[in-house]
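S.K.: A predicted structure for the sequence below; I have some questions about it.
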Amino acid sequence: MKLLWAIMVILILLLQVRLWVGEGSFAQVWTLEEAIAEQREENAGLSARNERLYAEVRNLRNEQGAVEERARMNLGLIRDDETFFLVVEQ
């Protein structure tokens with residue numbers, strides 16, 4: 001009878017070791033849950049950035065004024081009938 005109890009205790013301890021240390025253990029699950037949460041946060045930020053970029057692309061495709069504004073601000077372009085004045089401050 002003592003042998004049976006000893007075998008049962010050893011089996012229970014082996015199962016506990018796997019539960020706390022082995023593959024699929026609580027520590028590994030906790031680490032994976034943290035990694036998933038971090039990835040979800042990063043994905044949310046990237047999704048918001050993508051929405052801003054899509055809105056900008058839609059704006060550039062649909063409105064001629066948006067293209068003209070980008071050309072003026074980023075490239076310094078002017079129309080043929082406009083006069084350009086450069087004001088230099090001291």
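M.R.: Noted; the coordinates are in hand.
S.K.: And the helices in the protein, which stretches?
M.R.: Secondary structure of the chain (DSSP state H): helices at 2-20, 26-62, 64-75.
S.K.: In JSON lines: these, plus mean neighbour count and mean pLDDT.
M.R.: To be clear about C-beta, it is placed using only N, CA and C from the backbone, and glycine gets the same treatment. Shown next, in JSON lines, are the helices of the chain (neighbours: other CB atoms under 10 Å; pLDDT from 0 to 100):
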{"stretch": "helix 2-20", "mean neighbour count": "10", "mean pLDDT": "87"}
{"stretch": "helix 26-62", "mean neighbour count": "10", "mean pLDDT": "93"}
{"stretch": "helix 64-75", "mean neighbour count": "11", "mean pLDDT": "80"}
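S.K.: Kindly present those as JSON lines, with separate columns for distance to Phe85.
M.R.: Below are the helices of the chain laid out as JSON lines (distance: least, CB to CB, whole Å):
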{"stretch": "helix 2-20", "distance to Phe85": "75"}
{"stretch": "helix 26-62", "distance to Phe85": "28"}
{"stretch": "helix 64-75", "distance to Phe85": "14"}
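S.K.: For Phe84, find the nearest of those.
M.R.: Across these, Phe84 has its closest neighbour in helix 64-75 (10.8 Å, CB to CB).
S.K.: And Ile12, how far from Arg18?
M.R.: When distance is defined by CB to CB, to the nearest Å, Ile12 is 11 Å away from Arg18.
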